[in-house]
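>>> Sharing a model prediction with you, sequence too.
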Amino acid sequence: MELDLWAQLPSVLPEIGLTALAIVVLFADIYGSLATRRNVVIVSAIGMALLALVPLIWQPDPALYENGALLWGGMINYDPLSQIFKVMLLLAGAVTCLMAAGDKGVGDKGEFYLIVIVATLGGLMMSSAADLILVFVALETLSIPLYMLASFRRGDQRSAESGMKYFLYGAFASAIMLFGFSLLYGFAGTTNLAGIAAAMSAGLEEGLVAVMTALVMVVVGFGFKISAVPFHFWAPDVYEGAPTPVTAFVSVSSKAASFALLLRFLTAVFPPDLAIAGVVIQDFWVNLLVVVSIVSMTLGNVVALRQSNIKRLLAYSSIAQAGYTLIGVVALQGANDSLAVASVSFYMFMYIFTNLLVFGGVILFIAKTDTEEISDMAGLNRRSPWLALFITIGLLSLGGIPPAAGFFGKFFLFQAAVNSNLVGLALIAVTNAIIALYYYLVVIKVMYVDVGPDEDKPIAIPRAYGWSLGITALVVILLGTIAVTPIYDWAALGARGL
Amino acid sequence: MEATGFSILTAIIFIPIIAGVVILFLDRKNRDLVRGVGVTAASAVLALSLAVFFGYDNFVKTSGGLIEQQAAMLASGVELSGARMFADALAFEQRVVWVESLGIAYHVGVDGVSAPMVLLTGIVAVAGVLISWKIEDRLREFMAFFMFLVAGVFGVFIAVDLFMLFFFYELAIFPMYLLIAGWGWVKLREYAAMKLTLYILVGSVFALVGGVAMYFAAADFFAGNGADVLDAAIAGGLLPPDSGPYSWSIVQLTLAAENGAFGIDILGVEGLNFAKFWFPFMFMGFGVLAGVFPFHNWSPDGHVAAPTAVSMIHAGVLMKVGAFAALRSGVQLLPEGADTHLPWMVFLTLINVVYGALIAFRQRDFKYVIGFSSVSHMGLVSMGWATMNLTGMTGAGIQMFSHGAMTALFFGVVGMVYDRSHTRDIPSLGGFMRVMPWVGVAFVIGGLTSMGMPGLSGFIAEFPIFQGMWAASEQITLQLGAFQLSNYYSVLVIIAALGIVITAAYVLRVADQVFFGEFDAERFHDVGNIEMTDRIVLIILGAPLIILGIYPPIMAPMIESGIRPLIALLGGG
C-alpha cells in the first residue's frame, strides 16, 4: 500500500521533533549565554513533554495496522503499541531532565540533556522498528548514549568504572544479538521482521538448531537490556556507580523500550504457528523465558534482601521487576494475547513513573546527605516528611500495594499468567512479591520508625524539584485508581497491531 | 435493590480517606486540630454506619421486607437461587464501572452479614480515635494512618466486587504495618509488625491468585455454555445490563458457582476439581487474618505489639475482615469446596478454641491473655462457618460482632491499665477496682461476655454455634479414603464447650489478680481514675454487648437473612 509522505509523517513526528530538539539544545549549549544555558533543562523537559502529546493526539489508523501495513519503506510500525511506549519514553526523558537539574556535575552540563534526548530518540525508534536493521540501529542509538551517561561524572572513579563496565557488557551483548540477527537473515533472506517468519515457515525444513541458536542469541541481547538473570551482572555495579539521575534513566528507558521491542520481535519473528521440523518455536521461547523470569524474580529479590546500599537495593529490585514483566511476555502464548500485551505495557507505564519517583527521592536524599546507606535514611520522616512520603509511595507501588499503581500492574500480570494456564508461574510470582515487599517495607520502616543521629537536620526540597516529585507521585496514585481504565484500554489495543 | 445513585456507603469509605489526607496537611504542632478532625470524621462515620445498620434493619423487617420475602420463597417450594437471594439481600448499593474491559466495578452494598460489621467498624473507629487522645508522638501521622486503615476495613465489608475486596484488603495492610511499627510497644514492634504483615500478605496474594482463577473460569463459562444463564440473569434484572462474561461482581461469580462453572477439572487433569482445589487457597488465605490454626501465630504478637487503638481495631475488626472475606470469597463462591474441606478444617477451628484458651490461661502478660483469647474466640467464628447450617452460621455472624466489641473493650481496658501503671505483668497488678472502677466494671462485663453468660451478647453468639454444631453432626461426614467419619461434630462441640470453661478460668483469674486483691498503693500512687474520653470508649464498646444480649432480635434476624443465601448455595433448605 502506497501512502504519501504527509500521511506517513505522524508516525515519525516525535522522532523528528526529538532530533530538532537535540540540535537546539546542542547549539544553545555551545553558543548560548550563561542564562540561556541554564534554561536548557526547561527546554529539554518541556520539549519532550510536548512531543509526548504527538502520539497521544495522532492515533494510527486501525485499518492499516491491523493488516500489518508498514510505513517508510517497511521500516516503521505505526500502531498503538509503539504509540504508548513512545509516550512513556518521552515522559521518562522529561522527568529525568527535571530531576537531574540540580545535580552537581551532571545537571549543570548542557550535554547531559542532549545525550538524554538522543537516547530517548533511540528508544522511540525501538518501539516502532519493523526491520532488523532499524532494530539494531535503534538499539545502539539508545545504548551508546547510556554508556556515556553512566560515566558522565568523569572525575569520579566509580562513575568511570560504571560506564566502562556497562560499555563492555553492552558491546558484548550487542555483538551476540547481531550474530543472532545475521543467522536469521541468513535463513530468511530478508531483514523485515514479519518477512523472516514468513520465509522460515515457508521453506525451512531443517536448521532447527540454528534457528534456536539465533533465538537464544537474541534473547541474550534483550536479557542484557532488561537486566534479566543471568545477564544482570552489570546492573548492580552500574546502578551504584553511575550518577543517580542516570541510574534512574537507565533503569526505566532502556527497560521499557526493550520490552516494547521484545513483544514485537517475538510475536513477529517467532509467531505461534511457526513450526520447524514439527517443533513449535513458540513453545521453546516461552519455556526459555519462563525460566529466565523465575530466576530473575527469585534471585533479584533474594539478593536484594541483603543490600545495605539503597541504589544496589533498587538495582536488584529492578532485576526482579524485569522478571515480573517477563510473565506478561510469556503469557503471549495464551489465547487472549491482548491481556498479555496490555499487562506488559501497563506495567512498564506505571513502572517508569514509580521508579523515577523512588529514584527522584533518593537522588535528593543522596545529594543532600552524601550517603547511600539505607541505615542513614533513619528518621527521614522527621527530616523531610514529604520526601519520605514520596519515596514511600514509590516503594509501595514497586511492592504492589494499593492505591499505588503497582497493585494494578502486578494484578494484570498475574491475571495474564493465569489466563495462559501459567498458574504455577503466577504462584511463584506472588511468593516473590511478598519477599520483595519485605525489603521495601524495611526501607519504609527505617524512614518512619528508626531514630537516626541527624534527626534534627531538616532536608529542604527545592521548590521545582518538589513539584516534579509531587506530580510524579500523583501520577503513580492516579494510575492505581481512576486512570487505570484509559491507560489499560489503550495498552490492550497494542495487541491488535502485532 | 436498585444499584443506582449515590450510596451512603461511599461516604463511609471516603470520609476517612479525605480526613486522613486533610490531617496529613495540617500543622504538626496543632494537635487539637488533628484530634478534632479525627474525632469528627470518626463520629460522622459512626453516625452513617448507624444509619446503615438501622436502615438495613428496617429493610429486613418491614412488612414485605427481606425476611418475609425469603420466608415466602422457602414456603413456595421453588428451587432456591443463592445468587438471586444474595442480590436481593443487598441494600445501599452503588455501582460505578471502573475498568470496563475487565469487568471491574466500584460496587458497594451491604447484606445481613456485613451490615453489623459496618456498625462495628464505626464503633471501633470512634473508640480508637478517643483512646489515642493522649498520643503525643507524631500524632498527625498516627491519626492519618488510622483513618486510612479504617477506610480499608470498611471497603472490604461493603465490597460487592471481588476485585474491590482485594483492593481494600491490601489497602488496609500498609497503614497497619506503619502504625504497629511506628507506635507500638518498643520491644516487639518491628518484629511483630513485619511478621503480621507478611503472614497476612502471603494469605491474601494466594487468595488473589485463586480469585483470578475463578474470574477466568466464570468467564469461560459465561462465554460458552453459560451464555444463556448470563442473558437470563440480565433480563431478570439480577445483573446490570452492561455485564459481560468477564466480571468480578460477586453476584455474577455466585451465579457462576451456582451453575457449575467451578465444577470443572483444572488443566484437564481428571479429578482435580476446580472448586476443591482453590477453596483452601481462598478460605485459608483470608483465614490467616482470622487467626485460623496453624496460621494464628502472628496474632498474639501483633496484638501485643500494637498501640492500643490499633489492637482494638485489629482484634476487634480486622480479624473479622479475615473471617468475613473467607466466607464471602470462599464459602459463597466455592460451596462445593466448602462441602469437601470444611468437615476437616473444623478440627483446626477446634484447636483454635481450646489451644488458644489454654495458652491464654498461662500468660502473665495482661495483653497476651487478651491476644490469645482472640485466637480462641475467632476459632468459634470459623467453627460456626464449618457447621454449614443456618443456626451455626448465624451464631458465627453474631459472634463476629460480639467478639469485635468485646475484644476492643478488653484492649481498651488493658491500654488504660498499662498507661497508668506502666506494667502489664498480671501478678504485680492488683486491686485496680478501687482506683479505676469504670475500667474494672468494663472488664467484668467483657469477661462475662466472653464466658458466654446469658444476658450478654456472647451467649447469643456462642449458643447457636454449639447448637449448629450439634445439628450438623448428623449431616456431615468426613471421607478419609476408605475411612468414613461421622457424627464427630457432636464430639467436637463437647470439647469446644470445655474451651469455654477454660475461658471462664482465665477471665476470672485476671479479674481476681488485676482488679481485686491487694492494691500496691506505694507503687501505683499516681494511678487515678480515667478521663472522659476513656469513659466514652468504655461506654460505646460495652453498651452493644448488653443491648445485644438483652435484645437479640436487633441483630439476629438480620444476620440470618444474610446467611440464607449461603445455605441455599450450600444445598441446604
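Good, I have the coordinates.

>>> Show me which helix runs longest in chain B.
helix B:189-223 (DSSP state H).

>>> The one residue in the stretch 351-498 of chain A that gets nearest to chain B sits in which helix or strand?
Sorted by distance to chain B under C-beta to the nearest C-beta, the residues of the stretch 351-498 of chain A start with residue A:430, at 4.0 Å. In this view, the C-beta of every residue, glycine as well, is placed from N, C-alpha and C. According to DSSP states H and E, residue A:430 maps onto helix A:423-448.

>>> ok and that helix relative to helix B:189-223, angle-wise?
Inter-element angle recorded for helix A:423-448 and helix B:189-223: 150 degrees (by axes from the mean of the first three to the mean of the last three C-alpha atoms, to 10 degrees).

>>> Can you give me the buried ones in helix A:423-448?
Neighbour counts using 16 or more other C-beta atoms under 10 Å in any protein chain shown place A:423, A:425-448 of helix A:423-448 among the buried residues.

>>> swap in stretch B:448-457?
Neighbour counts using 16+ other C-beta under 10 Å place B:448-452, B:456-457 of stretch B:448-457 among the buried residues.

>>> farthest pair in the residues you listed?
B:451 and B:457 (11.8 Å; C-beta to C-beta).

>>> How about the residue of the stretch 451-573 of chain B found nearest chain A: what's its closest non-neighbour residue?
At 23.8 Å from chain A, residue B:569 is the closest residue in the stretch 451-573 of chain B, using C-beta to the nearest C-beta. Nearest non-adjacent residue to residue B:569, counting by C-beta to C-beta, 6 or more residues apart in numbering or on different chains: residue B:82, 3.5 Å away.

>>> What about the one you found, how many residues nearby?
The number of residues packed near residue B:82 is 21, by other C-beta atoms under 10 Å in any protein chain shown.

>>> For it, which residues are in contact?
Applying C-beta atoms under 8 Å, 6 or more residues apart in numbering or on different chains to residue B:82 gives the contacts B:254, B:257-258, B:332, B:335, B:565-566, B:568-569.

>>> What is the nearest of the residues you listed to residue B:206?
residue B:332 (18.1 Å).

>>> Quick one: list the elements packing against the helix holding residue A:430.
helix A:281-304, helix A:310-330, helix A:380-383, helix A:385-399, helix A:406-419, helix B:162-183, helix B:189-223 (3 or more C-beta pairs under 8 Å, 6 or more residues apart in numbering or on different chains; DSSP states H and E).

>>> for the record, mean pLDDT for it?
For helix A:423-448, mean pLDDT rounds to 89.

>>> Kindly calculate the angle that it makes with helix B:162-183.
30 degrees.

>>> Tell me which other helices or strands the next helix or strand after helix A:423-448 touches.
Scanning forward in sequence from helix A:423-448 by DSSP H and E, the next helix or strand is helix A:463-479. Judged by 3+ C-beta pairs under 8 Å, 6+ apart, helix A:463-479 is in contact with helix A:80-100, helix A:337-369, helix A:385-399.

>>> give me phi/psi at residue A:66?
phi -70, psi -20 (degrees, to the nearest 10).

>>> List the contacts of it.
Residue A:66 is in contact with A:496-497, counting by C-beta under 8 Å, 6+ apart.

>>> so what pLDDT did it get?
Looking at residue A:66, its pLDDT is 80.

>>> before we move on, what about the one 10 residues further on?
Reported pLDDT at residue A:76 in the predicted model: 88.

>>> That one and residue A:190, how far apart?
For residue A:76, the distance to residue A:190 (C-beta to C-beta, to the nearest Å) stands at 16 Å.

>>> out of these two, which sits in the busier spot?
Using other C-beta under 10 Å, the more surrounded residue of residue A:76 and residue A:190 is residue A:76, with 20 against 16.

>>> For beta bridges, what are the partners of that one?
Beta-bridge pairing for residue A:76 (DSSP bridges): residue A:71, residue A:129.

>>> which element is residue 45 on?
I went with chain A, as the question did not name one. Assigned by DSSP H and E, residue A:45 falls in helix A:40-51.

>>> looking at chain B here, not the other one
Here residue B:45 is assigned to helix B:31-61, by DSSP H and E.

>>> Give me the helices and strands touching that helix, please.
Applying 3+ C-beta pairs under 8 Å, 6+ apart, one finds that helix B:31-61 contacts helix B:8-25, helix B:66-76, strand B:91-99, helix B:114-131, helix B:139-158, helix B:556-569.

>>> Now the fifth one: average pLDDT?
The reference is to helix B:139-158. Mean pLDDT, computed over helix B:139-158, is 90.

>>> May I ask which helix or strand encompasses residue B:369?
Applying DSSP H and E as the criterion places residue B:369 in helix B:366-387.

>>> re earlier: so the residue of the stretch 451-573 of chain B closest to chain A touches residue B:334, yeah?
No - Residue B:569 is beyond contact range of residue B:334, at 9.5 Å (criterion: C-beta atoms under 8 Å).

>>> okay, now whichever residue of the stretch 51-200 of chain A sits closest to chain B: neighbour count?
Closest contact between the stretch 51-200 of chain A and chain B, by C-beta to the nearest C-beta, is at residue A:80 (13.8 Å). Residues contacting residue A:80 under the criterion other C-beta under 10 Å number 24.

>>> Which pLDDT value belongs to it?
At residue A:80, pLDDT is 89.

>>> One more: residue A:204?
Per-residue pLDDT puts residue A:204 at 66.

>>> what does the stretch 151-300 of chain B put close to chain A?
By the rule C-beta under 8 Å from any C-beta of the partner chain, the part of the stretch 151-300 of chain B lying against chain A is B:167-168, B:170-171, B:173-174, B:177-178, B:181-182, B:189-190, B:193-194, B:197-198, B:201-202, B:205-206, B:208-209, B:212-213, B:215-216, B:266-267.

>>> do that again at 6 Å, thanks
Selection of the stretch 151-300 of chain B residues close to chain A by C-beta under 6 Å from any C-beta of the partner chain yields B:167, B:170-171, B:174, B:178, B:181-182, B:201-202, B:205, B:209, B:212-213, B:216.

>>> buried subset of these?
Looks like these have B:167, B:170-171, B:174, B:178, B:181-182, B:201-202, B:205, B:209, B:212-213, B:216 buried, using 16+ other C-beta under 10 Å.

>>> Return the member of those nearest to residue A:321.
residue B:205 (16.5 Å).

>>> got the contact list for the closest one?
Applying C-beta atoms under 6 Å, 6 or more residues apart in numbering or on different chains, one finds that residue B:205 lies in contact with residue A:430.

>>> swap in residue B:16?
By C-beta under 6 Å, 6+ apart, the contact list for residue B:16 reads B:41, B:147, B:150-151.
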